[in-house]
Each structure stands twice: as structure tokens, then as C-alpha cells.
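Undergrad: Got a sequence here, can you build the structure:
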Amino acid sequence: MYVSTSKKPAATGKVETAADPGGALCDALVAALEEVKAVDVAVIDVRGKTPLTDYLLVAGGNSDRHLATLREAAIECARTHGVRPLGVEGDRADSESVLIDLADCVVHLMRPAARAFYDLERLWSVGSAASALDGETAD
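TA: The predicted structure is shown next:
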């Protein structure tokens, strides 16, 4: 499931004519994570909202072991596509969440409690939701 939170062009202001490497990587990551039964996979387009990355991929895991499997699947998928993780946080066995920085795409893997607490989908859609509400009240 794609959750687009930005209708704006890339931060450079140019319309991209070349293939979107971050989007292609996210597509591959979604497929790899769904193959190992990730829960509620969401990709959030944050181009134009932050200079740190183009996409956030958020997925859930049901147990510590499931999170470890998701982490390994994401890292292996990235390496298959020629992308080496810039960093991996939360790779201890008892972590409630894992963050994998792949530059163009940042992957957040979380247990249900951590995902509900951080609610990244809502956090990154605040500007878009406010814009939509403003448009509705202007009638």
C-alpha cells in the first residue's frame, strides 16, 4: 500500500525524467517484505518534506524473530539491488523496532506497540491532511 503524503515535485524543483531509484528500491523492498509476511506495509513519499530521504517504508512484525527475519530480508534485497545500508539501528534481539537507512529509502520495521506509539504514517501526513481539510472548509 502506498501512502503518498506529498504532491510536490522533488526538492530540486525539477520534474524527474530519469527513473526514480528510491521508488524502484521501495517497490523491491515491499515485495521482499511481503514475501516474509510483513504486516501492513506502507510506503510514504516524503520528497519535498525532508532532505534526508525520498521514501519511508513502514512495516510491522509480530515477534522478535519476525522482526529479525524482516530485517534480514530488507538488507538482502537492498544488497541485491546494489545498495549497501548506511546504518542499521535496533538490531538487538529484544528491539521493538529496527531502522535501516538505505539513503533514498529509510525502512522502519516495528512491533505493533511501537508502531502505534510512533504512528509514522500520521506524523508524515500531517501537512497533507491539513491541506485537505483547509480545502474542504473554504466552501
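
Undergrad: which element follows the top helix by length along the chain toward the C-terminus?
TA: The longest helix of the chain (DSSP state H) is helix 64-80. Next in sequence after helix 64-80, counting helices and strands by DSSP states H and E, comes strand 87-89.

Undergrad: Show me what that next one is packed up against.
TA: Strand 87-89 sits against strand 97-101, with contacts defined as 3 or more C-beta pairs under 8 Å, 6 or more residues apart in numbering; DSSP states H and E. For glycine as for every other residue, the C-beta is placed from the backbone atoms N, C-alpha and C.

Undergrad: A strand includes residue 57, no?
TA: Yes. Read with DSSP: H, G, I helix; E, B strand; the rest coil, residue 57 is one of the residues of a strand.

Undergrad: In this structure it contacts residue 30, no?
TA: Yes. With contact defined as C-beta atoms under 8 Å, residue 57 reaches residue 30; the gap is 7.0 Å.

Undergrad: Give me the common contacts of the two.
TA: Taking C-beta atoms under 8 Å, 6 or more residues apart in numbering as the criterion, residue 57 and residue 30 both touch 41, 43.

Undergrad: How is residue 103 assigned, secondary-structure-wise?
TA: Assigned with three-state DSSP, residue 103 falls in the coil class.

Undergrad: looking at it, it is touching residue 81, isn't it?
TA: No. The criterion here is C-beta under 8 Å, and residue 103 misses it with residue 81 at 11.9 Å.
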